[in-house]
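> 3D model of this:
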Amino acid sequence: MKNIVLIRHGESLGQTARHRGLSRSDPSLVDCFLTNKGIQQASQLRCDPTLTQYNFDLVCTSPLTRALSTCILALGHIIEGSNKDEGDKGEESSSPVSTSLGVANSTDPKENPAQNKHLNSGIQPNRVQTPFVARADICEFGGKIPENHGRPVHKIVKDLEEKLAPLLSSPSSAECLDYIDFSMLPPCWPKLGNEQNSRKHSGIERFLSWLAGRPEETVAVVCHYNVIKWMLRNTISHVSNCVPIECVLTDDGVLMLKSEFDRVGNNAPLDTFWSDGARNGNRDTGKLSDKSKREKHSRRKKR
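Got it, this is the predicted structure:
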């Protein structure tokens, strides 16, 4: 069993586009940054009581700018602590990246173009006590919206170094980006092509399966609204920006709310944790249960 904390990114410029007279499809919103409110939301997570009770030994983030920014602003202090620990261990960190952390062996540009772009930016990924890993399978769905279009890693790194520099003292934005491992992004990144269409069906399961096989037991995952909804099979009605959601990943690879796990007990049958719709065969489709549909209809009436 693993403790998983899901975090939706801070408020993004895409979320406020209409309030600013822009269409959500405006080209200026491609892989957009956070609003001032989003920056504040992410920064305040550093002292959030839900997060401070955990000592995370793995951090996963979507490689989209709004998630990466939130990850660094909220959890960058972990990198600083890891850096100190690595310094105490001497020069061991100069060795090739360890496969035990789930990181690719090779930095050959032909084998790993995404990582090579990062290397070409002058930034070398380091081994740290708490790995920070970017995963394409937890990017937001909806390829027609510019904010969900990824960018080459070297462009993201350069952009975020500049935008986050005034917001961070120690560690610096460059140091934080240095620690994030982009080597697990697919070779085609950021052009996911058909993979983006199938990710809704298989990407989440692939990510959870990968997570279940990792040695770490306490994990923070910084991602997006629909990704979190799908991870939890629509058992929650809304996902707010920067509000940590405590979950449990069972040994069988099932992710559920910690409150539900504690209520039912860890010896209950697996189907106890699924919504009615999931138990009736919709487990992988993300369809709303009858109860969720009634709640949604009720909210519409109140509007």
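
> Do a quick rundown of the helices in this protein.
Assigned by DSSP state H, the chain shows helices spanning 36-44, 49-52, 65-88, 113-120, 153-164, 173-179, 194-198, 204-212, 225-231, 258-264, 276-277, 290-302.

> Check those helices for me: which has the lowest mean pLDDT.
Among the helices of the chain, helix 276-277 has the lowest mean pLDDT, at a mean of 38.

> Run a quick check on Arg151 versus Pro190, I expect a contact.
Yes - using Cβ atoms under 8 Å, Arg151 is in contact with Pro190, at 5.6 Å. (C-beta placed from N, C-alpha, C; glycine too.)

> Tell me which residues of stretch 250-263 come out buried.
Val254, Leu255, Met256, Leu257, Phe261 (16 or more other Cβ atoms under 10 Å).

> Looking at these, which two lie furthest apart in space?
Val254 and Leu257 (11.3 Å; Cβ to Cβ).

> give me the number of residues near Pro49?
Number of residues near Pro49 (other Cβ atoms under 10 Å) recorded here: 7.

> how close does it sit to Leu164?
Distance of Pro49 to Leu164, computed by Cβ to Cβ, to the nearest Å: 25 Å.

> ok, now Trp189?
Counting by Cβ to Cβ - Trp189 and Leu164 are separated by 21 Å.

> Same check on Gly21?
Counting by Cβ to Cβ, the gap from Gly21 to Leu164 is 27 Å.

> do the same with Arg66
12 Å.

> Specify which residue of these two has the higher count of neighbours.
More crowded of Arg66 and Leu164, by other Cβ under 10 Å: Arg66, with 29 against 22.

> What residues does the more buried one make contact with?
Applying Cβ atoms under 8 Å, 6 or more residues apart in numbering to Arg66 gives the contacts His9, Gly10, Ser12, Gly14, Asp31, Cys32, Phe33, Leu34, Gly38, Glu147.

> buried ones in stretch 15-25?
Of the residues in stretch 15-25, those buried (16+ other Cβ under 10 Å) are Gln15, Ala17.

> Only C-alpha atoms, please: export it in CSV.
Below are the C-alpha coordinates for stretch 15-25, written out as CSV (Å, rounded to 0.1, in the frame of the first residue of the first chain):
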residue,chain,number,x,y,z
GLN,A,15,-8.7,29.1,-16.6
THR,A,16,-9.1,32.9,-16.5
ALA,A,17,-9.1,33.5,-20.3
ARG,A,18,-12.8,34.3,-20.7
HIS,A,19,-12.6,36.8,-17.8
ARG,A,20,-9.9,38.6,-19.7
GLY,A,21,-11.8,38.6,-22.9
LEU,A,22,-9.9,35.7,-24.5
SER,A,23,-11.1,32.5,-26.0
ARG,A,24,-9.8,29.3,-24.5
SER,A,25,-8.5,28.5,-28.0
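
> still on that earlier bit, for the buried residues of stretch 250-263, give me TSV that also has distance to Leu208.
Below are the buried residues of stretch 250-263 laid out as TSV (distance: Cβ to Cβ, whole Å):
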residue	distance to Leu208
Val254	8
Leu255	6
Met256	11
Leu257	15
Phe261	15
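
> Just the ones of those in strands?
Of the buried residues of stretch 250-263, the ones assigned to strands by DSSP state E are Leu255, Met256, Leu257.

> Let me have these in a markdown table, extended by distance to Ile156.
Putting these into a markdown table (distance: Cβ to Cβ, whole Å) gives the following:
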| residue | distance to Ile156 |
| --- | --- |
| Leu255 | 27 |
| Met256 | 32 |
| Leu257 | 31 |
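
> What is the nearest of those residues to Cys223?
Out of those, the member with the shortest distance to Cys223 (by Cβ to Cβ) is Leu255, at 12.4 Å.

> mind checking how far the closest one is from Ser172?
Distance, Leu255 to Ser172, using Cβ to Cβ: 34 Å.
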